[in-house]
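A.B. asks: this one's structure only:
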Ligand code: ADP
Ligand code: MG
């Protein structure tokens, strides 16, 4: 939307004026011509088809009928006063009813004349009628036969309707707008892009999205505008990436050295999976070039991201640099510390942990050793960001669990070295490809889509409420084998009271079914103080309790290898990604693990799909794709604050192919003409010149 005219304030449009403009701004956020132009219809009424009266029924949407008026009559008094007209075609009779504007209609409606009648049929007392139809005299000679188009329907509000801006009213000002500006609507896509993808011109698309002649013209309009939407998101993202690589030098990890190699051949207790090897190679290639790496590593819980992070850190150390891992919570930081120190001996590489609760005395030692370069790997929480934490030369930052950093925090991180360190962000929340391309399109993305071999795949079972006793029996069997069990309840804010009741009732049930002294239960929920929570958790971790009843607070938390059963109560109320995360809490030890999804006896269609999906697959990527299809991108974890999802037309669940095409097109353009200096790319160059903005930062890099 480049042209100046599109920025014209909406009140200057014919038929709008200051009052309506005010309401348009308030109600629909329409400030300018351009905003109105992008207030696309949300559906269309098919006026290409004519119905016969005998085809009508109460289920149809608004339809068109051609019929002749045979009678008209005003009946009733006061509020019951209405005008009824009977119309007839060669198949039957239909009643038209008006409750308002009766006199006017009565005066103008011509008995004996044929009309093109448009409205929603309904059936009352087995009589077919249409109230307040749109009427247009029908002219047999007129070849166009009424108004053979798809008629746009615009979203409006009660307030707007008071100002005559119902769907029809908006349609009217759209017509005015298109007449005013159409000749000046600029093309935004290069000619060759239009040609290659068989896209229609922008001005044409704008006419047809508001007033399509037929379904085909609507489709080409929508395709063109969706492509444009996706194309410019990609253009910005990839331009960002280009600028970043041009502006910031990167540290070169030139060689694979002694630590990396000896870890690989002597310390690594298992063979890497193919996916792990592939990702390590990707990181190796990234860090070899003098360009800062910004890589997102996605992999399900248990896919083995830690060892990938560790080997990347060894690569940094071999090249004379330090590395750090930052985790969102103290518990997770400790876990990393334990698993890493478990794999390395103290004299192999020096590792330390720094969190909010590190005693001052230890802190001081850590700070010193960091500055002298003695300490090679630092693991911690946000405490790492503090200014006092200074490295000798920080080469790689690993960020666990997809932190969202603001500009300030990022700056702090980057400034920990003269040349910004390489960044590896790890997340156990797989997101669909289209979403990744849109949210993290300026990062490189690696995927571990393979679990280490030899693990017993977790089994998932779905039981209905009336099978509850089976679930208790199963729990007893597993506990008898020495295993531990999680029982999780949903706790969703809006209905917290009810949920607490569920939780309390559930705890009571479990306590009755699993009585002392044979069984011991930990209970953890959000209302506990952190200290009590930790105490209860620790009892479970140490194996003092066999059952942990919890709300979703355990989603991100401790690793208890002996806990091999996850029972999820009211599972139909959890979203797919949440179910997947919860299930990921078990299946970490050597034993066969189970997830039991308990649900009410009646399920919604979506609830059913969710639970079936969970039973069918363990693949987080597949699950995330289905989640996207079911809920749309706005509801996928982590996307809510993201502006890039303010898509007007494109749909990341439906438009995968178009998105891939748009991205590939942009990639090719930048490969071929990174500075956009070629004449054929003039439009794109102008786009950036007008915007004049530099790098806009992705949330996580
Ligand atoms: P996550 O991706 O969830 O961070 P971890 O890195 O914690 O996963 O790995 C989960 C477990 O799998 C750890 O105990 C780790 O030692 C083990 N593991 C990782 N890679 C492999 C492998 N290639 N073969 C066997 N076990 C592995
Ligand atoms: Mg992990």
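C.D. replies: Cool, the structure landed. Since the model is a prediction, treat every value here as computed from it, not as a measurement. Ligands and ions are numbered 1, 2, ... in the order given.
A.B. asks: and residue 214, what does it touch?
C.D. replies: Contacts for residue 214 (CB atoms under 8 Å, 6 or more residues apart in numbering) come out as 48, 149, 150. C-beta: built from backbone N, CA, C; applies to glycine.
A.B. asks: does the second one really touch residue 211, like I thought?
C.D. replies: If I follow you right, that is residue 149. Yes - if you go by CB atoms under 8 Å, residue 149 and residue 211 touch, sitting 6.4 Å apart.
A.B. asks: report how many residues lie close to residue 99.
C.D. replies: 13 (other CB atoms under 10 Å).
A.B. asks: how far away from the center of its chain is stretch 680-690?
C.D. replies: With CA atoms, centre = their mean, to the nearest Å as the basis, stretch 680-690 stands 30 Å off its chain's centre.
A.B. asks: what's it in contact with?
C.D. replies: 2, 187-192, 232, 235, 239, 669, 673, 676-677.
A.B. asks: tell me the buried residues in that stretch?
C.D. replies: Residues of stretch 680-690 classed as buried by neighbour count (16 or more other CB atoms under 10 Å): 681, 683, 684, 687.
A.B. asks: grab the longest strand from the chain for me.
C.D. replies: strand 63-75 (DSSP state E).
A.B. asks: could you pull up the mean pLDDT of that strand?
C.D. replies: Averaging pLDDT along strand 63-75 gives 93.
A.B. asks: may I see the buried residues of it?
C.D. replies: For strand 63-75, by 16+ other CB under 10 Å, it's 63, 64, 65, 66, 67, 68, 69, 72.
A.B. asks: contacts for the following helix or strand past it, please.
C.D. replies: Next helix or strand after strand 63-75 toward the C-terminus (DSSP states H and E): strand 82-88. Counting contacts by CB under 8 Å, 6+ apart, the residues outside strand 82-88 that touch it are 53, 65, 67-76, 93-99, 102, 105-106, 109, 115, 117.
A.B. asks: what angle sits between strand 82-88 and strand 63-75?
C.D. replies: Angle of strand 82-88 versus strand 63-75, following axes from the mean of the first three to the mean of the last three CA atoms, to 10 degrees, is 130 degrees.
A.B. asks: what pairs with strand 82-88, and is each one parallel or antiparallel?
C.D. replies: Within its sheet, strand 82-88 is paired with strand 63-75 (antiparallel), strand 93-98 (antiparallel), according to DSSP bridges.
A.B. asks: can you give me the buried ones in the shortest one?
C.D. replies: Residues of strand 93-98 classed as buried under the neighbour-count rule (16+ other CB under 10 Å) are 94, 96, 97, 98.
A.B. asks: ok, residue 222 - contacts?
C.D. replies: 209, 649.
A.B. asks: how about it, secondary structure?
C.D. replies: helix (DSSP: H, G, I helix; E, B strand; the rest coil).
A.B. asks: report pLDDT for it.
C.D. replies: The model reports residue 222 with a pLDDT of 96.
A.B. asks: then the one 5 residues further on?
C.D. replies: pLDDT, residue 227: 97.
A.B. asks: over to residue 378?
C.D. replies: 97.
A.B. asks: can you check residue 135 too?
C.D. replies: Reported pLDDT for residue 135: 85.
A.B. asks: you'd agree it is up against residue 113?
C.D. replies: No - counting by CB under 8 Å, residue 135 does not reach residue 113; the two are 9.8 Å apart.
A.B. asks: more neighbours: which of these two?
C.D. replies: It is residue 135, of residue 135 and residue 113, that has more neighbours when counted by other CB under 10 Å, with 20 against 12.
A.B. asks: isn't there a helix covering that one?
C.D. replies: No - Residue 135 is assigned strand when assessed by three-state DSSP, not a helix.
A.B. asks: how about it: what's its closest non-neighbour residue?
C.D. replies: Closest residue to residue 135 apart from its sequence neighbours, by CB to CB, 6 or more residues apart in numbering: residue 115 at 5.0 Å.
A.B. asks: let me see the mean pLDDT of the helix or strand hosting that neighbour.
C.D. replies: Residue 115 is part of strand 114-119, with elements assigned from DSSP H and E. For strand 114-119, mean pLDDT is 91.
A.B. asks: ok and it relative to strand 93-98, angle-wise?
C.D. replies: Orientation note: strand 114-119 sits at an angle of 70 degrees relative to strand 93-98 (the same axes, to 10 degrees).
A.B. asks: partner strands of the helix or strand that strand 114-119 is followed by and their direction?
C.D. replies: Sequence order places strand 121-124 as the next helix or strand after strand 114-119, per DSSP H and E. When sheet partners are counted by DSSP bridges, strand 121-124 sits next to strand 127-131 (antiparallel).
A.B. asks: now the partner strand: buried residues?
C.D. replies: In strand 127-131, counting by 16+ other CB under 10 Å, buried: 128, 129, 130, 131.
A.B. asks: what of stretch 10-30?
C.D. replies: 10, 11, 13, 16, 20, 21, 23, 24, 25, 27, 28, 30.
A.B. asks: show the pLDDT at whichever residue of the stretch 451-600 of the chain sits closest to ligand 1.
C.D. replies: Closest to ligand 1 within the stretch 451-600 of the chain is residue 452: 3.2 Å, counting by CB to the nearest ligand atom. Among the per-residue scores, residue 452 holds a pLDDT of 88.
A.B. asks: quick check, it in a strand?
C.D. replies: No - assessed with three-state DSSP, residue 452 is coil; it does not lie in a strand.
A.B. asks: that one reaches residue 274, doesn't it?
C.D. replies: No - counting by CB under 8 Å, residue 452 sits too far from residue 274 to count as a contact (10.6 Å).
A.B. asks: more neighbours: the two, which one.
C.D. replies: Neighbour tally, residue 452 and residue 274, criterion other CB under 10 Å: the higher count belongs to residue 452, 16 against 12.
A.B. asks: show me what contacts that one?
C.D. replies: When contacts are counted by CB under 8 Å, 6+ apart, residue 452 touches 270, 273, 302, 303, 304.
A.B. asks: of those, which ones also sit close to ligand 1?
C.D. replies: With CB under 6 Å from any ligand atom as the criterion, those include 270, 273, 302, 303, 304 near ligand 1.
A.B. asks: among the residues you listed, who's most crowded?
C.D. replies: In terms of neighbours by other CB under 10 Å, these top out with residue 303 at 24 neighbours.
A.B. asks: let me see the mean pLDDT of the helix or strand hosting residue 534.
C.D. replies: Assigned by DSSP H and E, residue 534 belongs to helix 530-541. Averaged over helix 530-541, pLDDT sits at 88.
A.B. asks: buried sites along that helix?
C.D. replies: Residues of helix 530-541 classed as buried by neighbour count (16+ other CB under 10 Å): 533, 534, 536, 537, 539, 540, 541.
A.B. asks: ligand 1 contacts on the chain?
C.D. replies: 270-273, 276, 299, 301-307, 428, 452.
A.B. asks: ok, which pair from the residues you listed is furthest apart?
C.D. replies: The most widely separated members of the residues of the chain next to ligand 1, counting by CB to CB, are 271 and 428 (21.8 Å).
A.B. asks: between the two, which one's more packed in?
C.D. replies: residue 428 (21 against 11).
A.B. asks: thought the more buried one was touching residue 580?
C.D. replies: No - Residue 428 lies out of contact with residue 580 (CB under 8 Å); the separation is 9.5 Å.
A.B. asks: what is in contact with the two at once?
C.D. replies: By CB under 8 Å, 6+ apart, the residues touching both residue 428 and residue 580 are residue 620.
A.B. asks: which element follows the worst-scoring helix or strand of the chain on mean pLDDT toward the C-terminus?
C.D. replies: Across the helices and strands of the chain, mean confidence by mean pLDDT, DSSP states H and E is lowest for helix 407-414: a mean of 74. Using DSSP H and E, the helix or strand that follows helix 407-414 in sequence is strand 422-427.
A.B. asks: all set, thanks.
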